[in-house]
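S.K.: Coordinates for the following, if possible.
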Amino acid sequence: MNPAPPQGPALPPAPAVSPAPGVPQGPGVFPPFPAPPVEGKGKRIGWGIGIAAVIAVLVCGGGLAAVIGIGISASGSVQERAEAAVGDYLDAVKAKKYDEAYGLLCDQAQEDESPAEFRTRVAAEEAITGYKFGDLNFVTYSLPVDVTYTGGDSTELEAYLRQDSSTGGFELCSLEE
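M.R.: Predicted coordinates for the structure are as follows:
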């Protein structure tokens, strides 16, 4: 058997080592507060989202308003051009300028009737003293016209229009009851 190692005097216990200043403490140490402070963080996010939503509504609303405005403006412009075409024709007929009135007709109407036939037909009709336009039908390109004759009678006529392919302007194709 081997003899037991010699036992010397007992060593004193090792002193507790304290961490150096500025070194964080190890695990098991509780932070000075249970959660990081929020101090209005939710309010800032809410304001940011709210402002972004208002800006989006304004931009989209402005775009919608612009599209509606363009549509209204365009339809008003087409109405004015249609009234100008029919008005020029009726003014020429009223002034007995039949050749000028014939020139304002669409190509199809001019093919259906010669200038002489047109002049004879229109001169035989009761003279127009005044007229008033209704709203243009954008599907059929027809414009209602309330016409007053020399005898005081009035009737509603329907002016059918066609767009000239070369000029883009309206031309009258027929004026019917």
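S.K.: Show me where the chain has its helices.
M.R.: Along the chain, counting by DSSP state H, helices occupy 41-94, 98-103, 107-112, 115-124.
S.K.: Tell me which of those sits nearest to Thr140.
M.R.: Proximity to Thr140 (Cβ to Cβ) singles out helix 41-94 among those, at 11.6 Å. The C-beta positions use only the backbone N, C-alpha and C, and glycine is treated the same way.
S.K.: Could you pull up the mean pLDDT of that closest one?
M.R.: Mean per-residue pLDDT for helix 41-94: 84.
S.K.: elements contacting it?
M.R.: For helix 41-94, the elements it packs on are helix 98-103, strand 128-133, strand 142-149, strand 154-163, strand 170-176, judged by 3 or more Cβ pairs under 8 Å, 6 or more residues apart in numbering; DSSP states H and E.
S.K.: Give me the angle between it and strand 128-133.
M.R.: Angle between the axes of helix 41-94 and strand 128-133 is 170 degrees (criterion: axes from the mean of the first three to the mean of the last three Cα atoms, to 10 degrees).
S.K.: Next, the angle strand 170-176 makes with helix 41-94.
M.R.: Counting by the same axes, to 10 degrees, helix 41-94 lies at 60 degrees to strand 170-176.
S.K.: what's the angle from helix 41-94 to strand 142-149?
M.R.: With the same axes, to 10 degrees defining the directions, helix 41-94 sits at 40 degrees from strand 142-149.
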